[in-house]
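Undergrad: Sharing a sequence plus its predicted fold:
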Amino acid sequence: MRIAIIGQQDFGKAVLEAFLARGDEVAGVFCAPEKEGARPDALRAAAEAKGLKVFQFKSLRAPEAAEAMSGLKAELGIMAFVLQFAPQEFVNIPKHGTIQYHPSLLPKYRGPSSINWPIIKGETETGLTIFRPSDGLDEGKVILQKKTPIGPDDTLGSVYFDRLFPMGVAAMLEAADLVAAGKHTETVQDESRASYEGWCRAAEARINWATHVDFTYDLIRGCNPAPGAWTTLNGTKLQIFDARKHIVRTFGAVKGKIGEVSDVSGTSFFVTAQGGQIEVQKAKFGDGKKLSGAEVAASASLAPGTLLGT
């Protein structure tokens, strides 16, 4: 079929390559302009390398964006990781309209950090949704969904790169075929089950060692690799990435004060939390590089008794 792709970065690139690989015709590609000094957008670079038409509008509300889409004569619009608002007058132009990817089981976890929050909140399942974009944020009719479990030690990286990314590419192809053949269904989202979470950024990723070790661990893995859960040591940021949770099951077995480094091993260091300890296996101190917990402990002079969050 003849399609138009609206997207950006590696997911947009992967979707573009998947449609081309099976012989679909990509009439044109829309992606947001890069910020000054940023790396070239992966989707834009891939599209230009293949000689495709590329459009970069500051806003898809601009009349020029609708004119460009109209000129492509596309049968279907494919929205693959889009942060720009796409109005109805833009997405309805292709013959069969437009479909959009969202990495959660809508209507739950609407919003821009929909992979982080289910992990942070201790969910055991997440997934993806292909839906019709509407003027409401992630509120359009659902075409298909795919589920995947969240394991107790899964991170943002493992859930997205190992599962939601490849599953999402395949789901875009499947949904496109259903829509083009007129074999799809469109289900209105149940607003009674809806939730919205905003960005998970540095402010949301700060560790409060006084919370239970379960919550602390879920925050760390839900922010790994980005934005990176963090604490402080003498006013300098200490980001924690790979970690393990150790639950204490008997009274008096917790070593040290809350937020205190209790031990340093040959590969990691341990921090006391409510109900257990966090074993830090990979971290970053200040402007340094990601290193093993033991290497960070050595470079930052961490020793048993050091209090974090100061």
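TA: That came through fine.

Undergrad: Helices of the stretch 51-200 of the chain, start to end?
TA: Applying DSSP state H, counting those that start in this stretch to the stretch 51-200 of the chain gives helices spanning 63-72, 88-91, 116-120, 156-159, 165-181.

Undergrad: From the contact counts, what lies against the second one?
TA: When you say that, I think you mean helix 88-91. helix 63-72 (3 or more C-beta pairs under 8 Å, 6 or more residues apart in numbering; DSSP states H and E). In this view, the C-beta of every residue, glycine as well, is placed from N, C-alpha and C.

Undergrad: Spatially, which residue comes closest to N234, not counting chain neighbours?
TA: T310 (6.0 Å; C-beta to C-beta, 6 or more residues apart in numbering).

Undergrad: How is the closest residue in space to V296 that isn't next to it in sequence assigned, secondary-structure-wise?
TA: Nearest non-adjacent residue to V296, counting by C-beta to C-beta, 6+ apart: A283, 4.4 Å away. Using DSSP: H, G, I helix; E, B strand; the rest coil, the structure places A283 in strand.

Undergrad: start the count at 45, not 1, going forward
TA: Taking 45 as the first residue, the last one we looked at is A327.

Undergrad: For A327, give its distance to S345.
TA: 14 Å (C-beta to C-beta, to the nearest Å).

Undergrad: Comparing these two, which shows the higher neighbour count?
TA: Neighbour comparison, A327 and S345: the larger count goes to A327, with 29 against 9 (by other C-beta atoms under 10 Å).

Undergrad: can you pull the contacts of that one?
TA: With contacts defined as C-beta atoms under 8 Å, 6 or more residues apart in numbering, A327 is in contact with 282-285, 334-335, 337, 340.

Undergrad: now do M211
TA: 172, 190, 192.

Undergrad: Give me the pLDDT value at it.
TA: At M211, the model reports a pLDDT of 98.

Undergrad: if I look at it, how far off is I174?
TA: In terms of C-beta to C-beta, M211 sits 11 Å off from I174.

Undergrad: and if you look at G242?
TA: For G242, the distance to I174 equals 23 Å [C-beta to C-beta].

Undergrad: higher neighbour count, the two?
TA: For G242 versus I174, the count of surrounding residues by other C-beta under 10 Å is larger for I174: 25 against 11.

Undergrad: List the contacts of that one.
TA: 143-146, 186-189, 215-216, 218-219.

Undergrad: Sweet, I'm off.
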